[in-house]
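Q: Here is my input; please provide its structure:
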Amino acid sequence: MAEPRTEALHRNAEGLDIQAPDTILSSLADAQIEAAKAVRNAIPAIAAAAEIIAGRLNGGGKLAYAAAGSSGLMALADALELPGTFGIKRERIVILIAGGDEAFKTLAGGPEDDTDEASAAIAGAGIGKGDCLIAISASGSTPYAVQALKDARGRGAATIAIANNKDTPVLKLADIAILLETPPEVIAGSTRMGAGTAQKIALNMLSTLTAIHLGHVHDGYMVNLTADNIKLRDRAARIVAAISGHDKDAAARLLEASGGVVKTAILLAAGAANADVAEKILEGTGQKLRPALSAIEGNKGAKAPVLKTEPEKGQQGD
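A: Residues are numbered from 1 along each chain as shown. Next comes the predicted model:
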């Protein structure tokens, strides 16, 4: 069996331990940059995966992550951010890490070989038809990740795999295979470095595109955020102000009238009669703000008694 790319020796590794600190750090930085570039080749697969995830979430399903070790930490970092950033309900996000809660204290290596634990985790989370699982493994052959993917697939879930070595089991088994062919690590096999960086970037891209498909992003604003602290309440007001054209104080009042829901506040600013009406408009547009705003503008136009054939001086349309 050929040596996995993630286990090979990096071209700059010889004599690493006797090099000057600046030289070592330059090698480490360059390796991270090179690893990040590997994500570009995976863009088509990431796009396909995001469409599948959005479809499952739209249909009421769950999104699960399964991984071990450093890959598990990358999964954890992505998954925990989704409710706050994009308003995806926490009960719809499942995080399965080899070793369970104990992994957050020791990150021991042994649990990554425990296929029984993986099967029990999939069953315990009720992963099945209508759901989606992302299995992440730098090597592409981590037993925990492979077994979780097998079980999820067998139970009818859609499956996505992220790995840093090609032609590996996890990629071959998944519906969508995301290969991040990163170069060898400066510290051979230490996939928390380049491979982990590429995984985090890919997960950032995947979850963000999913959120865009779900209507949780508008003009680069997180319009479905959960504003549960001072910073985020301030951000919510700034988002409403920026999109609606109102000042921040007015935006804060609109947010209060909307129950703190950013999209609803923006529709109130655009002319929705009340929060209930705004929410019904959003239901009709699949929670997408742009068509909801167009619907309100269309209704205004339909009620206008006279349509001017030419704009008045100084009133040229955009």
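Q: Now do the same contact list for the most centrally placed residue in the chain.
A: Residue closest to the mean C-alpha point of the chain, counted by CA atoms, centre = their mean, is S207 at 1.6 Å. S207 is in contact with 78, 81-82, 86, counting by CB atoms under 8 Å, 6 or more residues apart in numbering. To be clear about C-beta, it is placed using only N, CA and C from the backbone, and glycine gets the same treatment.
Q: try L203
A: 74-75, 77-78, 134, 136, 162.
Q: now do D247
A: A241.
Q: ditto for A49
A: So A49 contacts 134, 160, 176, 178, 206 (CB under 8 Å, 6+ apart).
Q: Ok, P169 next?
A: Here P169 is in contact with 140-141, 146 (CB under 8 Å, 6+ apart).
Q: neighbour-wise, which of those leads?
A: G140 (26 neighbours; other CB atoms under 10 Å).
Q: ok, how many other residues are close to the closest residue to that residue other than its chain neighbours?
A: Closest residue in space to G140, ignoring its immediate chain neighbours: T168 at 2.5 Å, by CB to CB, 6 or more residues apart in numbering. Neighbour count for T168, taken as other CB under 10 Å: 21.
Q: Please, which helix or strand holds L232?
A: In this assignment (DSSP states H and E), L232 forms part of helix 230-244.
Q: How far off centre is that helix?
A: 22 Å (CA atoms, centre = their mean, to the nearest Å).
Q: Equivalent analysis for stretch 279-287, please.
A: 23 Å.
Q: same for the helix or strand of the chain with the lowest mean pLDDT, what does it pack against?
A: Least confident helix or strand of the chain, by mean pLDDT, DSSP states H and E, is helix 289-303 with a mean of 80. When contacts are defined as 3 or more CB pairs under 8 Å, 6 or more residues apart in numbering; DSSP states H and E, helix 289-303 sits against helix 262-270, helix 275-284.
Q: for that helix, which positions count as buried?
A: Neighbour counts using 16 or more other CB atoms under 10 Å place 289, 291-293, 295-296 of helix 289-303 among the buried residues.
Q: ok, back up a step: what's the angle from the helix holding L232 to helix 262-270?
A: Orientation check (axes from the mean of the first three to the mean of the last three CA atoms, to 10 degrees): helix 230-244 against helix 262-270 gives 40 degrees.
Q: and helix 230-244, what other elements does it pack with?
A: Going by 3+ CB pairs under 8 Å, 6+ apart, helix 230-244 lies up against strand 221-222, helix 248-257, helix 262-270.
Q: Pick the most deeply packed of those.
A: helix 262-270 (a mean of 26; mean count of other CB atoms under 10 Å).
Q: Can you give the contact residues for it?
A: Against helix 262-270 from outside (CB under 8 Å, 6+ apart): 223-225, 227, 236, 239-240, 243-246, 250-251, 254-255, 257-258, 272, 274-275, 278-279, 281-282, 287, 289, 292-293, 296-297.
Q: pull the CA atoms of that helix into CSV?
A: The C-alpha trace of helix 262-270 is given here as CSV (Å, rounded to 0.1, in the frame of the first residue of the first chain):
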residue,chain,number,x,y,z
VAL,A,262,-33.9,40.5,11.3
LYS,A,263,-35.7,39.5,8.1
THR,A,264,-39.0,40.4,9.6
ALA,A,265,-37.7,43.8,10.7
ILE,A,266,-36.4,44.6,7.3
LEU,A,267,-39.8,43.7,5.7
LEU,A,268,-41.5,45.9,8.2
ALA,A,269,-39.2,48.7,7.1
ALA,A,270,-40.1,48.0,3.5
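Q: Let's verify N224: helix, strand, or coil?
A: coil (DSSP: H, G, I helix; E, B strand; the rest coil).
Q: surely it meets H218?
A: No. The criterion here is CB atoms under 8 Å, and N224 misses it with H218 at 9.1 Å.
Q: In this protein, what residue spans correspond to helices?
A: Taking DSSP state H as the test, the helices found in the chain are 21-37, 43-58, 69-86, 115-124, 143-154, 169-173, 194-213, 230-244, 248-257, 262-270, 275-284, 289-303.
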